[in-house]
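**Student:** 3D, please:
(one chain, ligands or ions: 1)
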Amino acid sequence: MERVQTADWKEEKHVPVIECSSEVKAGELFEVKVSIGKEIAHPNTTEHHIRWINVFFQPEGEKFTYHVGNFEFSAHGESAEGSNKGPVYTHPEVAFPLKITKSGTLYALAFCNIHGLWEGTKKIRRAPQIETRTVTTW
Ligand SMILES: [Fe+2]
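**Tutor:** Residues are numbered from 1 along each chain as shown. So this is what the prediction gives:
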């Protein structure tokens, strides 16, 4: 059995969906959005919910993976009055600015409290740098 599961997010509600440009300029901020249940909603109850999303970046052809961020979702209707009676529910979706200097792959790992670890990926290409030349005319 795989420890980290993956599938088509259009058919499997646990797979994190990463949305951002496929091509970005080196060193320029762009927005990344990661969500669970984009196509099929995942439950968000005291008994069954997404606890966190962790995002990583692996530069193309490199050995090491970089941790981008840890996003926790801590409210799922818990309350002194009982399960699902609380006034607050965090939705498993996050958006954040990011910049990269190399092409690579973003990995989003999401944890469901009863269905374990799920992974979604997205490749990002660093746009080719346009050479700037100073032309001097005499
Ligand atoms: Fe689940």
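
**Student:** Every contact and neighbour count from this point should use C-alpha atoms.
**Tutor:** Noted.

**Student:** so which strand or helix has A108?
**Tutor:** Using DSSP states H and E, A108 sits in strand 104-112.

**Student:** what comes into contact with that strand?
**Tutor:** Here strand 104-112 makes contact (Cα atoms under 8 Å, 6 or more residues apart in numbering) with 14-18, 34, 48-60, 117-125.

**Student:** Within its sheet, name the partner strands of that strand and how each one runs.
**Tutor:** Paired neighbours of strand 104-112 in the sheet (DSSP bridges): strand 50-59 (antiparallel), strand 116-126 (antiparallel).

**Student:** got the buried residues for stretch 36-54?
**Tutor:** 36-38, 42-46, 49-54 (16 or more other Cα atoms under 10 Å).

**Student:** Do that stretch and the ion come into contact?
**Tutor:** No. On the criterion Cα under 5 Å from the ion, stretch 36-54 is out of touch with the ion, staying 6.0 Å away.

**Student:** Pull out the buried residues from stretch 67-81.
**Tutor:** Those would be F71, E72, F73, S74, A75, H76, G77, E78, for stretch 67-81 by 16+ other Cα under 10 Å.
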